[in-house]
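>>> Next come a sequence and a model predicted from it.
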Amino acid sequence: MANRTLDLMPGERMVLSSHPHWWYFWKHAASMIGILLLLWLAAEVGWSWLRGGLLWVALAALLVDLVASAIRYAQWRTTRFAVTDRRVAYQSGLVSRHGVSIPINRVNNVNFHQGAIARVLGNGTVVIESAGETGDSVFENIPHPEHVRQVIFDQMDAEENKDATRDADAIAQALAKTQPAPAAPAAPAPTVTSASVQERLQQLEELRTQGLVNDSEYQAKRAQILGGL
């Protein structure tokens, strides 16, 4: 994949993506410097036979270094370190492919290492400690490793906040399902109006006048009617 980016899952968002640091080519750069010195030496040598031998060696070395540099460049283009909102991913390989994918919610810690020269150049090694059988994952030649470490921590915090929100929503839904429905308001007790009481007292009085109830029955019934107020 000459310039292929990381394949994202549906809904996944890219946060950081980079190729290895240019220090990835330091061996080939050092070889090129050596070849240039050899060519300079061939030009300065006075003996023609030695000059010719040095020139042929330098040209052969230059050809080998150019081929090796082209292969190294292709490897650099096919190597990518990426951080998304869901995982940390690393892909490499020109012919055979190699990949590592670490979910953000399984990252326990992130460390980085920089020597004195690497700190000046802005590259280093990132070590990710994750839960699982793979243990630590080491990624070399990562540009600005301290910034990468902070980016991963930010995504870890964001993932924890998402989990907390999902848990809170789940608890709220569970409580809503288990909470009993509010009871219907009780029907108000029927009220006895003064007009109906007056009518019943008049009826009771008529019964006593007709001799249908005696005085004691009259008093008891009257007290019962007045007690219902």
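Noted; the coordinates are in hand.
>>> Next one: Ala116 from Glu205, what distance?
118 Å (Cβ to Cβ, to the nearest Å). Placement of C-beta: from N, CA and C, glycine included.
>>> Please report phi then psi for Gly122.
When quoted as degrees, to the nearest 10, the phi and psi of Gly122 stand at phi 90, psi 30.
>>> quick one, domains of the protein?
Following automatic domain parsing, the chain resolves into domains at 21-78, 83-164, 194-227.
>>> Looking at these, which is nearest to Ala170?
Smallest distance to Ala170 across the domains of the chain (Cβ to Cβ): 10.4 Å, for domain 83-164.
>>> Figure out the length between the terminal residues of the closest one.
Using Cα to Cα, to the nearest Å, one end of domain 83-164 lies 22 Å from the other.
>>> can you give me how far it is from the chain middle?
13 Å (Cα atoms, centre = their mean, to the nearest Å).
>>> cool, and stretch 24-43?
The gap between where stretch 24-43 is centred and where its chain is centred comes out at 46 Å by Cα atoms, centre = their mean.
>>> Equivalent analysis for stretch 202-219, please.
89 Å.
>>> Please report how far the residue nearest to the spatial centre of the chain lies from Gly115.
When Cα atoms, centre = their mean is applied to the chain, the residue found nearest the centroid is Glu159 (3.5 Å). Remark: distance between Glu159 and Gly115 (Cβ to Cβ) = 32 Å.
>>> before we move on, which element is Gln75 in?
Assigned by DSSP states H and E, Gln75 falls within helix 48-77.
>>> Given the helix or strand just after that helix, what are its sheet partners and their directions?
Later in the chain than helix 48-77, the nearest helix or strand by DSSP H and E is strand 80-84. Take DSSP bridges as the rule and strand 80-84 pairs in its sheet with strand 14-18 (antiparallel), strand 87-92 (antiparallel).
>>> okay, these, which one's buried deepest?
Greatest average neighbour count among these goes to strand 87-92 (a mean of 20), per mean count of other Cβ atoms under 10 Å.
>>> Look at Phe153 and give its secondary structure.
The three-state label given to Phe153 by DSSP: H, G, I helix; E, B strand; the rest coil is helix.
>>> And for it, the neighbour number?
A count of neighbours around Phe153, defined by other Cβ atoms under 10 Å, yields 13.
>>> quick one: it and Asn109 touch, right?
No: Phe153 lies out of contact with Asn109 (Cβ atoms under 8 Å); the separation is 9.3 Å.
>>> gap between Gly124 and Gly99?
21 Å.
>>> Name the residue in the two with the higher neighbour count.
Neighbours were counted for Gly124 and for Gly99 using other Cβ under 10 Å; Gly124 has more, 23 against 11.
>>> So what sits opposite Phe139 in the bridge?
Note on Phe139: beta-bridge partners Val126, judged by DSSP bridges.
>>> what separates it from Leu37, distance-wise?
34 Å.
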